[in-house]
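Visitor: Got a predicted model here, sequence first, then my questions.
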Amino acid sequence: MGVEKQIIEVDDYQHGLIINSLNDKRKLPAADGKTLVLVTCYPFRYSGHAPGKCIVAAIG
């Protein structure tokens, strides 16, 4: 079983979504086409269970 690699180039950045509450139940919007979604802990330098999430979606 091989591993497929793809290189993705970002040529425009509009905004990211910061969720600062564990009670925030927003969902990612549906998107057609090629989509890459990065979800990471926020604040970025937080150690342990971070209280928020940062979501960045690249839609191609």
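Guide: Ah, there it is. Numbering: from 1, shown residues only.
Visitor: Tell me where this structure has strands.
Guide: Counting by DSSP state E, one finds strands in the chain at the ranges 17-19, 35-42, 52-59.
Visitor: Show me the shaky parts of this structure.
Guide: Scanning the chain with the threshold set as pLDDT under 70 gives 1, 10, 12-17, 22, 28-29, 60.
Visitor: Tell me how many other residues crowd Tyr39.
Guide: Not quite, residue 39 is Val, not Tyr. Residues lying near Val39 (other CB atoms under 10 Å) number 13. Backbone N, C-alpha and C define where each C-beta goes, glycine included.
Visitor: can you tell me which residues contact it?
Guide: Contact partners of Val39, counting by CB atoms under 8 Å, 6 or more residues apart in numbering, are Lys53, Cys54, Ile55.
Visitor: so what's it bridging to?
Guide: Per DSSP bridges, the residues bridged to Val39 are Ile55.
Visitor: thinking again about what came up before, tell me the buried residues within the contacts of Val39.
Guide: Buried residues within the contacts of Val39, counting neighbours by 16 or more other CB atoms under 10 Å: Lys53, Cys54.
Visitor: closest to Phe44 among the contacts of Val39?
Guide: Using CB to CB, the shortest approach to Phe44 within these belongs to Cys54, at 7.2 Å.
Visitor: picking up where we left off before, now distance to Ala30 too, for the contacts of Val39, in TSV please.
Guide: Compiled in TSV, those are given as follows (distance: CB to CB, whole Å):
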residue	distance to Ala30
Lys53	19
Cys54	20
Ile55	14
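Visitor: ok, the contacts of Val39 vs Ala31, which is closest?
Guide: So of those, ranked by how close each gets to Ala31 (CB to CB), first place is Ile55, at 12.6 Å.
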